[in-house]
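Participant: could you look at this predicted model? Sequence included:
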Amino acid sequence: MPSPSLDTIDVGDELPALHLTLTSEQVRHYAQTANMPGGRFMSDAEAKAEGLPGQIAPGNLSLALFSRLLTSWGDGVRIKRISATFRAIVRPNVPLVLSAVVTEKHASEDGNFLECDLLLENQDGERLVTGTATVELPA
Amino acid sequence: MTKIAIDRSMVGQEFDHTVFPPVTETEILAYAHAYGETNPLHTDPAAAARGPYGGLIAPPTFAVSLRGAHFMPRDMRSIGRNGFDAGKDIEMGAPIRVGDVLTGSSTVHDVYEKTGRSGTMVFIVFRTTVMNQDGQMVAIVDQKMMFR
């Protein structure tokens, strides 16, 4: 993978979007691996018992997918900070799009940095998760 | 509806301090696999050994999988089932490597109230600072829980 550079990136640039559909098993597997055994993440039946419409994905999974979107941009991209607001539930078997746009770039003695806005939306364009990130680019 | 009082005296109180078992290669690989990570720094021990860190490092959000003994202060347990994860903020520090012994310290970082269309909500921010065995910060995780 080529490394992105501060010289070739402009404010407003978008990263290649990540398109995916989580399966029920993927959601369950992530929750178990991430030590989140809540019933709402395990099955429709357990989620409905909690008053939800069905199985939901943990917020941490959305955050992890944002990190995947950022680090797959190129070699040497390092996340310094990542933040997400869980605005609506993310459910399995729904097509999702994760995207990021550069909002600021700056260089300092500590390195080359970008600020990005993050968005996870469903096929209807509903903004399910929003976020921001600070990423460090290779020197 | 549960009525939750804003009690700012809890802010700053440590409610959990956990020393975790050494991080294993299996844990890092399993976590990376669980969300489809493809970066070899997190998925391929041989390739990672040739990389800038000289070995496998944990994915950026690995710290959220660390579970201390107490998720929230004991005297808040009664409202626990009504809470929803409203957001996360992670500041990354030193990379987490195989064999690291991590210590998590959790405090109530902030408590505040918001009133919206659906009524009044209380937000509690739990902050977990994760350090490695060398005293380096590896992550500061703020988890914002919302209670109606």
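Facilitator: Sure thing, it's come through.

Participant: now the helices for chain B?
Facilitator: Using DSSP state H, the helices found in chain B span residues B:25-34, B:40-43, B:45-49.

Participant: most neighbours per residue, which of the ones you listed?
Facilitator: helix B:40-43 (a mean of 20; mean count of other Cβ atoms under 10 Å in any protein chain shown). (Each C-beta comes from the backbone N, C-alpha and C, glycine too.)

Participant: tell me the mean pLDDT over it?
Facilitator: Averaged over helix B:40-43, pLDDT sits at 96.

Participant: could you show which parts of chain A are in contact with chain B?
Facilitator: Proximity of chain A to chain B, by Cβ under 8 Å from any Cβ of the partner chain, involves residues A:20, A:26, A:29-30, A:33-36, A:58-61, A:63-65, A:67-68, A:71-72, A:76, A:78-86.

Participant: so which of these are in strands?
Facilitator: By the criterion of DSSP state E, membership of these in strands covers A:L20, A:R78, A:I79, A:K80, A:R81, A:I82, A:S83, A:A84, A:T85, A:F86.

Participant: point out where the chain drops to low pLDDT.
Facilitator: You didn't say which chain, so I picked chain A. A:1 (pLDDT under 70).

Participant: right idea, wrong chain: chain B
Facilitator: Those would be B:1-6, B:76-82, if you go by pLDDT under 70 across chain B.

Participant: among the residues of chain A next to chain B, name the buried ones.
Facilitator: A:26, A:29-30, A:33-34, A:36, A:58-61, A:63-65, A:67-68, A:71-72, A:76, A:78-86 (16 or more other Cβ atoms under 10 Å in any protein chain shown).

Participant: how about the residues of chain B by chain A?
Facilitator: Counting by Cβ under 8 Å from any Cβ, chain B sits next to chain A at B:30-31, B:33-39, B:52, B:59-61, B:64-67, B:84-92.

Participant: tell me what the longest helix seen in chain A is packed against?
Facilitator: In chain A, assigned by DSSP H, the helix with the most residues is helix A:59-71. Helices and strands touching helix A:59-71, as assessed by 3 or more Cβ pairs under 8 Å, 6 or more residues apart in numbering or on different chains; DSSP states H and E, comprise strand A:18-21, helix A:24-33, strand A:78-86, strand A:95-108, strand A:111-122, strand A:127-137, strand B:83-92.

Participant: test my guess that A:D44 contacts A:I56.
Facilitator: No - when contacts are counted by Cβ atoms under 8 Å, A:D44 is not listed as touching A:I56 (9.8 Å).

Participant: between the two, which is the more surrounded one?
Facilitator: A:I56 (23 against 16; other Cβ atoms under 10 Å in any protein chain shown).

Participant: and the contacts of the helix or strand where A:A47 lies?
Facilitator: A:A47 is part of helix A:44-49 when elements are defined by DSSP states H and E. By Cβ atoms under 8 Å, 6 or more residues apart in numbering or on different chains, the surrounding residues in contact with helix A:44-49 are A:S24, A:G39, A:R40, A:F41, A:P53, A:G54, A:Q55, A:I56.

Participant: so how far is that helix off the chain centroid?
Facilitator: Remark: helix A:44-49 is offset 25 Å from the chain centroid, using Cα atoms, centre = their mean, to the nearest Å.

Participant: buried residues in it?
Facilitator: A:D44, A:A47.

Participant: restricting to C-alpha, output that helix in PDB.
Facilitator: Below are the C-alpha coordinates for helix A:44-49, written out as PDB (Å, rounded to 0.1, in the frame of the first residue of the first chain):
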ATOM      1  CA  ASP A  44     -33.000 -11.000  17.900                       C
ATOM      2  CA  ALA A  45     -34.800 -12.800  20.700                       C
ATOM      3  CA  GLU A  46     -32.500 -11.500  23.500                       C
ATOM      4  CA  ALA A  47     -32.600  -8.000  22.000                       C
ATOM      5  CA  LYS A  48     -36.400  -8.000  21.800                       C
ATOM      6  CA  ALA A  49     -36.500  -9.100  25.500                       C
END
